[in-house]
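K.L.:
What follows is a predicted protein model with its sequence.
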Protein chains: 2
Amino acid sequence: MIERVCIVGAGVIGSLFAGHLAQVSEVSVLTRRREHADALIRDGLRVSGKSERHATVRASADPAELPAPDVAIIATKATGLRDAVETLAGTYPDATMTTVLNGLGAEEIVRQHGEWPIVSAVTFMSGTRHSDTHVEYILDTETWLGPYEETPFERVQEIADTILASGLRAEALPDLRPAQWSKLIFNAAVNPVAALTGLPHDPHFASEDGPTDLGHLVHGLVDEGKAVATAAGIELHDDPWEMNVLATQRGSAHYPSMLEDVDAHRQTEIELITGSLIREAERHHVPVPLHTLLHGLVKAKEESW
Amino acid sequence: MIERVCIVGAGVIGSLFAGHLAQVSEVSVLTRRREHADALIRDGLRVSGKSERHATVRASADPAELPAPDVAIIATKATGLRDAVETLAGTYPDATMTTVLNGLGAEEIVRQHGEWPIVSAVTFMSGTRHSDTHVEYILDTETWLGPYEETPFERVQEIADTILASGLRAEALPDLRPAQWSKLIFNAAVNPVAALTGLPHDPHFASEDGPTDLGHLVHGLVDEGKAVATAAGIELHDDPWEMNVLATQRGSAHYPSMLEDVDAHRQTEIELITGSLIREAERHHVPVPLHTLLHGLVKAKEESW
């Protein structure tokens, strides 16, 4: 079991990790805003929904004020990653950095700032943030973890076991890239469509009954993404189209964070999701006109605010 | 000069025609809503902006209550065309029906409901509707008219001359299709992008300076549209990309009606604009993946309300 864990970034995903892991490890939370850390120290962190937790945590906006962890779980938004890693540069030299972000390339950004061992992760959990100190756990799906560069697989398993023991679902995989790519293609096909149409991820996204049904477009986006994966030599862990169909059958429609960002006129994760898919497509000379159009539309939408 | 003109549909374009033509012809206005007709009878119709007019008009929601016109100008939204033409079926047998709508195919819908001579028109005028009885004239650009089927060109010229005499700009063309298609491709490249991004038609749409600038996407949409026109044997009257560049250089950004429709959660004209381009593309076996994606996104957006 991992003794000390630092959660970097206390949005929905970071809060779900912190709230659960506090049951089995000593948890500290590194926040961007000082008020957020103060609120966590004062009120603790509450999880409702699929689990009920009330965790006492240490928290600060300055890593030097927190105990050096054995593992740091970096769960910022893609847009906040660089700032967070700059804050960590030169600290916690013995920690294993675990990145849980959408898109591709988070590990490289971490590597540019230090020599830590790195573990790659993707999570399919979701929740709703009610306040700085209260998160609702909605989809109790898995987090997958895999080694990056020379990190031993045993280390990955140890982290996965700790997450499991805390009451969340996790699995260690020898190679995470097939799962990362499955999630990337799924997100690139679903999130910008939700952000542009205002539809949550509901059965429209899977319907191909009528000739102009939205599922045809989502399928076309998935197919472009799969062509890029094939060109990059990746055998996908899950078929992104099946992920899409299954997710829309779950009952209540999931509200993708990119749609929340658009509603709140916040910068979206388009660059790390669709942007990284397009960069891989360019590297492997695969045309992705539909993803390029969505990328441009979401960027233009950001500029309209 | 045309003696009696009936304006069918008193939105922005219909009101601009009615307000000006009342200076040279006897104008009646056929509205969808009875209250709208009542307001026009009570207050008259005011035009401000590029022209100043205050016109006295006859108005009704029932064509039988209005004098039979020599010319009817059908200026409804594409979404209201079918209802309006059904109301006209069996009336005004001697009138020349002049369609001024976005997209393609309005003339066929009129033809399905009667044997009137038909004149095709497209207008580039724009304005802002301030109330049922007040419209602001913003872009004082031309209306182009051409014969449909056996309508003699002299009839087209007579209508164009009357519009000109009223203070608006107009031109009679022996074949309107090249102009209709230019406008169709322009609208299909600009309006859905505005509707999805929230951007008015501003310089973003023409910028190709950076590699991810929006102009590249608009250019790709224009190119797909031009390929369809070529396959359909149409030599365009104006290059839609140049129309786009010129329009964004006019100073104040135009707010496309499709963006207004989206803001107001109203059904858009996507079916008559992008939909008719896609139908022509299918007829001529030209792939239009980008327009198909935009069509699906705007339809999905309508379903999100």
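P.N.:
Structure received. In this text, all values refer to a predicted model and were calculated from it rather than measured experimentally.
K.L.:
which SS class is residue A:137?
P.N.:
Taking DSSP: H, G, I helix; E, B strand; the rest coil as the rule, one finds residue A:137 in the strand state.
K.L.:
Show the contacting residues for it.
P.N.:
A:16, A:47, A:48, A:49, A:50, A:51, A:125, A:127 (CB atoms under 8 Å, 6 or more residues apart in numbering or on different chains). (Each C-beta comes from the backbone N, C-alpha and C, glycine too.)
K.L.:
pLDDT score for it?
P.N.:
Residue A:137 carries a pLDDT value of 96.
K.L.:
how about the residues of the stretch 51-200 of chain A near chain B?
P.N.:
Along the stretch 51-200 of chain A, the residues adjacent to chain B under the rule CB under 8 Å from any CB of the partner chain are A:193, A:196, A:197, A:198, A:199.
K.L.:
same thing but 6 Å
P.N.:
A:196, A:197, A:198, A:199 (CB under 6 Å from any CB of the partner chain).
K.L.:
Please report the distance of the residue lying closest to the last one once chain neighbours are set aside from residue A:209.
P.N.:
The reference is to residue A:199. Closest residue to residue A:199 apart from its sequence neighbours, by CB to CB, 6 or more residues apart in numbering or on different chains: residue B:304 at 4.5 Å. From residue B:304 over to residue A:209 the distance is 18 Å, taken as CB to CB, to the nearest Å.
K.L.:
Next: residue A:267.
P.N.:
36 Å.
K.L.:
Then residue A:79?
P.N.:
37 Å.
K.L.:
now do residue A:24
P.N.:
47 Å.
K.L.:
More neighbours: these two, which one.
P.N.:
residue A:24 (18 against 8; other CB atoms under 10 Å in any protein chain shown).
K.L.:
Checking that one next. Helix, strand or coil?
P.N.:
coil.
K.L.:
Phi first, then psi, for it.
P.N.:
phi -120, psi -10 (degrees, to the nearest 10).
K.L.:
Could you tell me the end-to-end distance of stretch A:59-71?
P.N.:
Terminal residues of stretch A:59-71 are spaced 15 Å apart (CA to CA, to the nearest Å).
K.L.:
Can you check the pLDDT for residue A:204?
P.N.:
Reading off the model, residue A:204 has pLDDT 95.
K.L.:
Who's the closest spatial neighbour of it, skipping the chain neighbours?
P.N.:
residue A:214 (4.5 Å).
K.L.:
hang on, that neighbour packs against residue A:202?
P.N.:
No - the criterion here is CB atoms under 6 Å, and residue A:214 misses it with residue A:202 at 9.6 Å.
K.L.:
out of these two, which sits in the busier spot?
P.N.:
More crowded of residue A:214 and residue A:202, by other CB under 10 Å: residue A:214, with 23 against 18.
K.L.:
Strands along chain A, start to end?
P.N.:
A:4-8, A:26-30, A:45-49, A:53-55, A:58-60, A:71-74, A:96-100, A:118-123, A:126-131, A:134-139, A:143-147, A:170-172 (DSSP state E).
K.L.:
For the last one, buried residues please.
P.N.:
For strand A:170-172, a neighbour-count test (16 or more other CB atoms under 10 Å in any protein chain shown) marks A:170, A:172 as buried.
K.L.:
Given that strand, what are its sheet partners and their directions?
P.N.:
Using DSSP bridges, strand A:170-172 pairs in its sheet with strand A:143-147 (parallel).
K.L.:
ok, and what's touching the partner strand?
P.N.:
A:119-123, A:153, A:156, A:159-160, A:170-173, A:175-176, A:179 (CB atoms under 6 Å, 6 or more residues apart in numbering or on different chains).
K.L.:
Give me the mean pLDDT for it.
P.N.:
96.
K.L.:
would you put the C-alpha positions of it in PDB?
P.N.:
Provided in PDB are the C-alpha atoms of strand A:143-147 (Å, rounded to 0.1, in the frame of the first residue of the first chain):
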ATOM      1  CA  THR A 143      -9.000   3.900 -13.900                       C
ATOM      2  CA  TRP A 144      -6.300   2.100 -16.000                       C
ATOM      3  CA  LEU A 145      -2.600   2.500 -15.200                       C
ATOM      4  CA  GLY A 146       0.500   1.500 -17.100                       C
ATOM      5  CA  PRO A 147       4.300   2.100 -16.900                       C
END
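K.L.:
could you give the angle of that strand to strand A:118-123?
P.N.:
Per axes from the mean of the first three to the mean of the last three CA atoms, to 10 degrees, the angle that strand A:143-147 makes with strand A:118-123 is 160 degrees.
K.L.:
Grab the most central residue of chain A for me.
P.N.:
By CA atoms, centre = their mean, the mean C-alpha position of chain A lies nearest to residue A:101, the distance being 3.3 Å.
K.L.:
Double-check that one against residue A:79; I have them as touching.
P.N.:
No - taking CB under 6 Å as the definition, residue A:101 is not a contact partner of residue A:79, at 10.0 Å.
K.L.:
so residue A:134 makes contact with residue A:47?
P.N.:
No - shown here, residue A:134 and residue A:47 do not form a contact pair, counting by CB under 6 Å, at 8.0 Å.
K.L.:
Pick out whichever of these two has more residues nearby.
P.N.:
residue A:47 (22 against 17).
K.L.:
And the helices in chain A, which stretches?
P.N.:
A:12-21, A:34-43, A:81-88, A:106-111, A:153-165, A:177-197, A:214-231, A:240-248, A:257-263, A:274-283, A:289-303 (DSSP state H).
K.L.:
which one of those is the most hemmed in?
P.N.:
helix A:12-21 (a mean of 27; mean count of other CB atoms under 10 Å in any protein chain shown).
K.L.:
ok, back up a step: which residues does the residue nearest to residue A:199 contact?
P.N.:
By CB under 6 Å, 6+ apart, the neighbours of residue B:304 are A:197, A:198, A:199.
K.L.:
State the pLDDT value of the spatially closest residue to residue A:140 that is not a sequence neighbour.
P.N.:
Here the nearest residue to residue A:140 in space, its sequence neighbours aside, is residue A:50; by CB to CB, 6+ apart that works out to 4.4 Å. The score at residue A:50 is 96. That number is its pLDDT.
K.L.:
could you measure residue A:70 against residue A:97, distance?
P.N.:
In terms of CB to CB, residue A:70 sits 11 Å off from residue A:97.
K.L.:
For the two, indicate the residue with more neighbours.
P.N.:
residue A:97 (27 against 20).
K.L.:
can you tell me which residues contact that one?
P.N.:
A:72, A:110, A:116, A:118.
K.L.:
which one of those has the most neighbours?
P.N.:
residue A:72 (28 neighbours).
K.L.:
And residue A:169, how far from chain B?
P.N.:
Plainly put, residue A:169 is 31 Å away from chain B if you go by CB to the nearest CB, to the nearest Å.
K.L.:
correction: residue A:9
P.N.:
27 Å.
K.L.:
Can you name the residues that contact that residue?
P.N.:
A:75, A:76.
K.L.:
Let's see that with 8 Å instead.
P.N.:
A:30, A:31, A:32, A:74, A:75, A:76, A:77, A:80, A:84.
K.L.:
Distance check, the first one against residue A:246.
P.N.:
What it means is residue A:30. Distance from residue A:30 to residue A:246, by CB to CB: 34 Å.
K.L.:
in the sheet, who's paired with the closest residue to residue A:164 other than its chain neighbours?
P.N.:
Nearest non-adjacent residue to residue A:164, counting by CB to CB, 6+ apart: residue A:170, 5.1 Å away. With DSSP bridges as the criterion, residue A:170 is bridged to residue A:143.
K.L.:
what's near enough to touch residue A:170?
P.N.:
Applying CB under 8 Å, 6+ apart, the residues near residue A:170 are A:142, A:143, A:144, A:145, A:159, A:160, A:161, A:163, A:164.
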